[in-house]
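Chemist: Fold the following, please.
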Amino acid sequence: MPRILLFSVVLLIAGCGGDPEPLPVVDEVDLERYTGTWREIARLPQWFQRGCYNATAEYRLNDDGSLKVINRCDKVDEKPSRAEGRARVVEGSNNARLKVRFDNWFSNLFPTIAEGNYWIIHLSEDYDVVMIGEPTRDYLWILARESELPDARYEKLVAKAEGLGFPVDELKRNRNLVPADGS
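Modeler: Here you go, the predicted structure:
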């Protein structure tokens, strides 16, 4: 019995040390200004975006205050990809923290498990550039209204993300994902 207790305590202690620092978000987001089409500038690689380039995210304000989300991307030798979902505001976050759920069999079966954190950690004053992340630092997107972002501005965002603990050395810049033949 004492060995089992000791082993349990060791496992409990080992599991407690990995919480990341809290992730700050912007003070407030005007969802009406946020709506529209955003173009992906860079992202941390994700299985659900494998092979994607020219990715966009479109947001439309719903009557209930949530956002309709439509993500699209081109894929080499495949039809373009499209995913639709809904983003709801996390209460008390001034619209800076959202929970996103996409319409698929898994999220229909397990709605709360399938919700992802979508935290707005940078938003330019004129709503032309945004950076989205989540507390574990596994997800990060840099989006802009235009398909290109000046290098100096991009590097400032990358530096900010690095300062927040994101693995920026893994970032994939969208312009580097476009196939070499330009298709």
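Chemist: Can you show me the helices along this protein?
Modeler: Secondary structure of the chain (DSSP state H): helices located at 2-16, 31-34, 105-109, 151-163.
Chemist: what ranges do the strands span in this structure?
Modeler: Using DSSP state E, the strands assigned to the chain run over residues 36-43, 52-61, 67-75, 81-89, 97-102, 116-123, 129-133, 140-144, 172-173.
Chemist: and the second one, what does it pack onto?
Modeler: When contacts are defined as 3 or more CB pairs under 8 Å, 6 or more residues apart in numbering; DSSP states H and E, strand 52-61 sits against helix 31-34, strand 36-43, strand 67-75. Just so you know, the C-beta spots here come from the backbone N, C-alpha and C atoms, and that holds for glycine as well.
Chemist: Kindly reformat these as CSV containing distance to Leu164 and mean neighbour count.
Modeler: Below are those laid out as CSV (distance: least, CB to CB, whole Å; neighbours: other CB atoms under 10 Å):
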stretch, distance to Leu164, mean neighbour count
helix 31-34, 20, 13
strand 36-43, 15, 20
strand 67-75, 23, 18
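Chemist: For Asp103, which residues are in contact?
Modeler: Counting by CB atoms under 8 Å, 6 or more residues apart in numbering, Asp103 touches Ala83, Glu84, Gly85, Arg86.
Chemist: From these, pick the one nearest Asp27.
Modeler: Of all these, Asp27 sits closest to Arg86, with 24.0 Å by CB to CB.
Chemist: if we can go back for a sec, let me have the helices and strands packed on strand 52-61 in CSV, extended by distance to Leu140.
Modeler: Shown next, in CSV, are those (distance: least, CB to CB, whole Å):
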stretch, distance to Leu140
helix 31-34, 18
strand 36-43, 7
strand 67-75, 15
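Chemist: Can you convert the ones you listed into CSV and add a column each for mean pLDDT and distance to Ala96?
Modeler: As requested, the helices and strands packed on strand 52-61 are arranged in CSV below (pLDDT from 0 to 100; distance: least, CB to CB, whole Å):
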stretch, mean pLDDT, distance to Ala96
helix 31-34, 98, 10
strand 36-43, 97, 16
strand 67-75, 95, 13
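Chemist: Tell me which of these sits nearest to Ile120.
Modeler: helix 31-34 (8.3 Å).
Chemist: Output that closest one as CSV, nothing but the C-alphas.
Modeler: The C-alpha trace of helix 31-34 is given here as CSV (Å, rounded to 0.1, in the frame of the first residue of the first chain):
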residue,chain,number,x,y,z
LEU,A,31,-17.3,42.2,-33.5
GLU,A,32,-19.0,44.3,-36.2
ARG,A,33,-15.6,45.6,-37.2
TYR,A,34,-14.1,42.2,-36.9
